[in-house]
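Visitor: Sequence plus the predicted model coming up.
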Protein chains: 2
Amino acid sequence: MPAADDFSPLPAQGTDILAEVTAKEPIKTVTSAQIAEALDVDPTQVRKDFSAIGLVGIGRVGFDVCEVCRGIRVSLGFDQQFDAVLVGAGHLGGALLAYSGFASGFARYGLRVLAAFDNDERKIGRSVAGLTVRPTKGMSGFIRRHGIRLAIITVPAEIAQKTADRLVAAGVRALWNFAPTQLSVPQGVLVRNEHIAIGLAEIAYHLKA
Amino acid sequence: MPAADDFSPLPAQGTDILAEVTAKEPIKTVTSAQIAEALDVDPTQVRKDFSAIGLVGIGRVGFDVCEVCRGIRVSLGFDQQFDAVLVGAGHLGGALLAYSGFASGFARYGLRVLAAFDNDERKIGRSVAGLTVRPTKGMSGFIRRHGIRLAIITVPAEIAQKTADRLVAAGVRALWNFAPTQLSVPQGVLVRNEHIAIGLAEIAYHLKA
DNA sequence: TAGATTGTTAATCGATTAACAATC
DNA sequence: TAGATTGTTAATCGATTAACAATC
């Protein structure tokens, strides 16, 4: 099984695309050419990726839509339930919490946010998207008790590293970092940076030309 | 001048990294090896990228930190001011608006959000992060009057395409799409998708193993 | 069967890395 | 000068694409 990153042009959007393709008419199969056109990639790419995750098509017909959807979900790990905590209940944190509450949000990808933490007295005890904000004091204990392996970091950049250290010490294995700073973590811990400026750079370049 | 995407391992974080490197001691230069280590890439990569954007180093010494910072800012387009509108003043929209207000937020990258639009009567007229939410009715006119070329889309997925169509018709040249759906636009219009599920896939894969 | 699509091998392309002379 | 670092060329590596036999 290849890593999630290996499917260059077949991101999570894959399932979204398929939903659209199939919505138009009630077909049961889809060809690699159809998917390739919707994603604006090479058809060979699609067939190779599908082959890599064990999907087999039918000659002259294409691929079974249900199988493809399930295959993508499974290969990307969205079929499994993941519990997470969120640290930093500011604006962005609140937005992500709201997103996690809906069935069409994080839940769709198997992610469930169990608790939100903040060290701001004014935020502690408040309800954000159905979750009561807890003091960071009890964070490590909570993580250990629930065996949490994923943490979402939405704290200010200045305290992001300290936050990361505490989370890792408590046993977290993956950090989803929304703070605009580089985190250093021990080997084996994954950091996924969601750095807004990267997208902005692409846009700025396009508008400049 | 290469495209912003060409600097694979030198994203906008570059400037952040440099700030950290220089914060430790007041040096005036930095070597490609130092930068490479902080970014966890090959030193040659750094030198090539620097060369591509016209930065020249000093033998046995390294690169002038000020020049590097400025070079990166310019090559990524962050030295120019960009005006944008935001459509969809929900949770995520509000978070991005809040982010845009601070000097350390969007402003740092030259982005200024001039107005926020929403079609929800309950949101119209409200103040979000210092901006009064306007009705989408007046959106096209506002875009034309101010010559806006960039729009941030934070509406629900169901109305994202329709929103995009209106924006493009009004003259917008780039869409920053935070709605979890694929947008189709005319040639020449850039769509940058900020799809949360892509990051989640990487995390899910790591935790699965 | 005829024809369209898959599955895979081979070729191309680009990106990354290694090596090293030039430079300060 | 001696030594460390740049700047660039060449080699390697991987990813993308083209081609086509196998399949239904």
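Guide: Nice, I can see it. None of the values given here were measured: they were computed from a predicted structure.
Visitor: Go through chain A and flag its longest strand.
Guide: In chain A, with assignment by DSSP state E, the single longest strand is strand A:111-118.
Visitor: hmm, it in reach of chain B?
Guide: Yes - Strand A:111-118 is in contact with chain B by Cβ under 8 Å from any Cβ of the partner chain, via A:L111. From N, CA and C alone the C-beta is placed, and that goes for glycine too.
Visitor: Show me what that strand is packed against.
Guide: If you count contacts as 3 or more Cβ pairs under 8 Å, 6 or more residues apart in numbering or on different chains; DSSP states H and E, strand A:111-118 packs onto strand A:82-87, helix A:91-101, strand A:131-135, helix A:139-146.
Visitor: any idea what the residue located most distally from the centre of chain A is structurally, helix, strand or coil?
Guide: The centre of chain A is farthest from one residue, A:R60, which by Cα atoms, centre = their mean lies 34.9 Å away. Of the three states, A:R60 takes coil according to DSSP: H, G, I helix; E, B strand; the rest coil.
Visitor: cool, A:V191 as well?
Guide: Secondary structure assignment for A:V191 (three-state DSSP): strand.
Visitor: hang on, the earlier thing: show me what the longest strand of chain A pairs with in its sheet, parallel or antiparallel.
Guide: Using DSSP bridges, strand A:111-118 pairs in its sheet with strand A:82-87 (parallel), strand A:131-135 (parallel).
Visitor: tell me the most buried of those?
Guide: strand A:82-87 (a mean of 23; mean count of other Cβ atoms under 10 Å in any protein chain shown).
Visitor: contacts for that one?
Guide: Defining contact as Cβ atoms under 8 Å, 6 or more residues apart in numbering or on different chains, one finds that strand A:82-87 is touched by A:93, A:96-97, A:100, A:110-118, A:136, A:139, A:142-143, A:146-155, A:163, A:167, A:176, B:203-204, B:207.
Visitor: Just send the helices and strands packed on strand A:111-118 back as JSON lines, with distance to A:I35 and mean pLDDT too.
Guide: Shown next, in JSON lines, are these (distance: least, Cβ to Cβ, whole Å; pLDDT from 0 to 100):
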{"stretch": "strand A:82-87", "distance to A:I35": "27", "mean pLDDT": "96"}
{"stretch": "helix A:91-101", "distance to A:I35": "27", "mean pLDDT": "86"}
{"stretch": "strand A:131-135", "distance to A:I35": "37", "mean pLDDT": "97"}
{"stretch": "helix A:139-146", "distance to A:I35": "39", "mean pLDDT": "98"}
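Visitor: you'd agree A:A179 is up against A:T154?
Guide: Yes - between A:A179 and A:T154 there is a contact under Cβ atoms under 8 Å: 7.0 Å.
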